[in-house]
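Asker: Predicted model and sequence below, questions to follow.
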Amino acid sequence: MIGFDPAARSWAATTSETGTALADLARIPRLDGTLVTDDSSLTAAADDFGHIVHRRPSAVLRPGSVRDVVTMIRFCNDHCLPVAPRGQGHGAFGQAQAEGGLIIETATLADIGDLDSDSTTVTVGAGARWSEVARATLAHGLTPPVFTDYLELSVGGTLAVGGLGGQVHRHGAQVDNVTELRVVTGAGQLVRCSPTRRADLFHAVLAGLGQCGVVVEATLRLVPAPETVRHYVLTYDDLDTFLDDQRLLVQEARFDYVEGQVHADADGAFRVYSLEAVAYGPPVGPAPDDTVLLRGLRHDPATVQCTDRGYYDFLDRIAPFIAALKEAGVWTHAHPWVDLMLPGSSAADLAAPLLEALTPAALGPGGVILFYPLLRERLTTPLLRTTDEDVSYLFDILSSAPPDDTAAIDRTLARNRAAFHTVTAAGGTHYPVGSVPLTPEDWRTHFGPAWPAFATAKRTYDPNGVLTPGQGIF
C-alpha cells in the first residue's frame, strides 16, 4: 500500500518494499533505447511540475521503440514493480511517479505520420507535443479541433486525463477526438483499440489516468484550419453576468473558442472577470462581424479588446507568459492547483466564496484563475467526468508557492480538499490534473456509473496492478 507522508513531503511504501535490486535490471533483454539509473535522472523523475510530491524510481526508460515499452512493462509485471509513463512531467501531484519502480519517458516516441491536404486523421507518437502536431498539420491546412491552452504538453499525457480547452463546447475534449490507439497494457501486451475494436480497453484508456495501459500511439481527428482568427477580451464586474454570457455563447455556438479569467482589482479582491472569445475566419468561417458576434452581451463596452491574429499565433498565445515566468524563476515554484467541475446552475454560488477567501498572496506569483464553459452533450468519453447538467464550468485556481514554503503549500492543499468536498456535495466533480489529496472512495465517487466498467478493465488489463500508482485510485 502506498501512502502520503506530509512530514516527508513524499509518498512511500507503507507495507512492502517496492524497489528492485540492480541485479534484476541486469537480466533485462537488450533494448533499442536506454535504461538509466544515474542519480540525476532518478532525482528528476522523482519530481514534476507540482514540486510537492517526490517518489524516487529505480530506473528510467528512454525507449528507442515501442518494443522497449513492451519489454519493460512485461519485466515490471513479472516482478510486480510499479511503472508509470511520463510525457513532459507536467503533473502537479506526483501522478506520473513510481516509488522504487520504472518511469517510461515517452518523449522519444514522437513520430508524426504522413499527411496531405485530404487527410482526416493523423497518427502520432504519445510523446509528441501538441505544438509539434499543430505545426505539422497546419502545413497542410489542417488542425486538431481542440487544444489545451499550453501547447508544450504531450499527446499521451493529455489523453490520459481528457484534454480541455476553449473549443470543447464545439468539438468535445481531446479524448473525444481520438479514432484509434495503440496501447501497451499492464500485462505487457501491445494492443490496437478503437470504438469498434477492443472498445473496453479504448474507453478505459482515454481519460483513464494511465490505469489500464500506456498509450504509445494515437490517431487524432483533423478538421480544416483557419488562417486567421479574431480574438476578443470582454470585461465584467459581476460573476453571475459573466457566467451567464459564457453560457449563452457556448449554447449558441457563436464563437469557436470561449474561456474566461478572474483577476484581482485594485483592492486585491478577485472580482474582475474577463471573457475570452475567438471567431475563426476564412477558410473555415466568414470574416468576423463585431456587431453580430457581440450582440446582446453585457460586458463593459468601454474596455473591449479586439485583435486579429494568425491561427497558430493564437494557439500559442501564452508562450510569452510562460517565458516570463521562467525568466522570473516562478516556473520552478510549487503548483498546488485545484481544478473543479461546477454545475452550471450553482457555479456562481460555489465559486464566489472561494474567490472571496482568496488573496493575491495566497494565489502566488504567476497564479491564474480560469473558467471554461462546457456542454455535456459534447463530452462523450465515459471516464471524463462532468456534472449531470447541460452546462458545467471548469473552475481552475492555479496557485504557486516557493517549493520550500511547506506551510503555504499545506494550507493550499487543505483549501483544495475542502473545495473539492464542497463542490462534490453540490453535484460537481473535479478535473484530475491538480493537487487534491483523494482516497480510493473519493475516486469511486468521482467515476460514478463508469466505475464498474473501469474496475473490470483494470483487473483485465493490469491484473498485477503495476500501472501508474501515483494516482492512488485502486
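Answerer: Perfect, thanks for sending it. Numbers count the residues shown, from 1 in each chain.

Asker: And Gln88, how far from Glu132?
Answerer: Distance of Gln88 to Glu132, given as C-beta to C-beta, to the nearest Å: 12 Å. To be clear about C-beta, it is placed using only N, CA and C from the backbone, and glycine gets the same treatment.

Asker: Equivalent analysis for Pro373, please.
Answerer: Taking C-beta to C-beta, one finds Pro373 at 29 Å from Glu132.

Asker: okay, the two: which has more neighbours?
Answerer: It is Pro373, of Pro373 and Glu132, that has more neighbours when counted by other C-beta atoms under 10 Å, with 25 against 18.

Asker: so what's the more buried one scoring on pLDDT?
Answerer: Looking at Pro373, its pLDDT reads 98.

Asker: can you pull the contacts of the closest residue to Val278 other than its chain neighbours?
Answerer: Sequence neighbours aside, Tyr257 is the residue nearest to Val278 in space, at 3.7 Å (criterion: C-beta to C-beta, 6 or more residues apart in numbering). The contact partners of Tyr257, by C-beta atoms under 8 Å, 6 or more residues apart in numbering, come to Gly165, Gly166, Gln167, Val229, Glu276, Ala277, Val278.

Asker: go again using 6 Å as the cut-off
Answerer: Gly166, Gln167, Val278 (C-beta atoms under 6 Å, 6 or more residues apart in numbering).

Asker: do the same with Ala160
Answerer: Leu209, Gly210.

Asker: In what element of secondary structure is it found?
Answerer: In the assignment (DSSP states H and E), Ala160 maps to helix 155-161.

Asker: and that helix, average pLDDT?
Answerer: 98.

Asker: Quick check: buried residues in it?
Answerer: For helix 155-161, the neighbour count (16 or more other C-beta atoms under 10 Å) marks Val155, Gly156, Gly157, Thr158, Leu159, Ala160, Val161 as buried.

Asker: Would you mind checking which of those residues is nearest to Asp116?
Answerer: When the buried residues of helix 155-161 are compared for distance to Asp116 (C-beta to C-beta), Val155 wins out at 20.5 Å.

Asker: Need the nearest residue in space to the closest one, chain neighbours excluded.
Answerer: Per C-beta to C-beta, 6+ apart, closest to Val155 is Ala128, 5.1 Å.

Asker: now do Pro343
Answerer: Per C-beta to C-beta, 6+ apart, closest to Pro343 is Thr387, 4.3 Å.

Asker: for the one you found, what are its contacts?
Answerer: Shown in contact with Thr387 (C-beta under 6 Å, 6+ apart): Met341, Pro343, Gly427, Gly428.

Asker: picking up where we left off before, distance of the residue nearest to Val278 from Arg192?
Answerer: Separation of Tyr257 from Arg192 (C-beta to C-beta) stands at 33 Å.

Asker: Gln246 too?
Answerer: 39 Å.

Asker: More neighbours: these two, which one.
Answerer: Neighbour count, other C-beta under 10 Å: between Gln246 and Arg192, Gln246 has more, with 26 against 14.

Asker: Next, the contact list for the more buried one, please.
Answerer: Val258, Gly260, Pro373.

Asker: Ok, Gly427 next?
Answerer: Contacts of Gly427 (C-beta under 6 Å, 6+ apart): Pro343, Thr387.

Asker: cool, Arg74 as well?
Answerer: Residues in contact with Arg74 (C-beta under 6 Å, 6+ apart) are Gly188.

Asker: And for Gly91?
Answerer: Asp48.

Asker: Use 287 as the first number from now on
Answerer: Yep, numbering from 287; the last one is Gly377 now.

Asker: Is it correct that it falls within a strand?
Answerer: No - Gly377: not assigned to a strand; according to DSSP: H, G, I helix; E, B strand; the rest coil it is coil.

Asker: Model confidence for it, exactly?
Answerer: pLDDT, Gly377: 95.

Asker: Now the longest strand anywhere in the chain - C-alpha only, PDB.
Answerer: Looking across the chain with DSSP state E, the single longest strand is strand 556-566. The C-alpha trace of strand 556-566 is given here as PDB (Å, rounded to 0.1, in the frame of the first residue of the first chain):
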ATOM      1  CA  PHE A 556     -10.900  38.800  -7.200                       C
ATOM      2  CA  ARG A 557     -13.900  40.400  -8.800                       C
ATOM      3  CA  VAL A 558     -12.700  41.500 -12.300                       C
ATOM      4  CA  TYR A 559     -13.800  39.000 -14.900                       C
ATOM      5  CA  SER A 560     -12.600  38.800 -18.500                       C
ATOM      6  CA  LEU A 561     -14.300  36.700 -21.100                       C
ATOM      7  CA  GLU A 562     -12.100  35.500 -24.000                       C
ATOM      8  CA  ALA A 563     -14.000  34.700 -27.200                       C
ATOM      9  CA  VAL A 564     -12.500  33.800 -30.600                       C
ATOM     10  CA  ALA A 565     -14.100  33.600 -34.000                       C
ATOM     11  CA  TYR A 566     -12.300  31.700 -36.800                       C
END
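
Asker: measure the residue nearest to Pro629 to Gly350 for me?
Answerer: 43 Å.

Asker: what does Trp416 give?
Answerer: Distance from Trp416 to Gly350, by C-beta to C-beta: 23 Å.

Asker: Looking at these two now, which is surrounded by more residues?
Answerer: Under the criterion of other C-beta under 10 Å, the comparison of Trp416 against Gly350 puts Trp416 first, with 26 against 13.

Asker: With adjacent residues omitted, what lies nearest to the more buried one?
Answerer: Nearest in space to Trp416, with sequence neighbours left out and distances taken as C-beta to C-beta, 6+ apart, is Leu437 at 4.7 Å.

Asker: how about the one you found, phi and psi?
Answerer: With angles defined as degrees, to the nearest 10, Leu437 sits at phi -80, psi -10.

Asker: residues contacting it?
Answerer: Taking C-beta under 6 Å, 6+ apart, we find Leu437 in contact with Trp416, Ser417, Asp602.

Asker: which other helices and strands contact the longest strand of the chain?
Answerer: Packing contacts for strand 556-566, counted by 3 or more C-beta pairs under 6 Å, 6 or more residues apart in numbering; DSSP states H and E, involve strand 514-522, strand 543-550.
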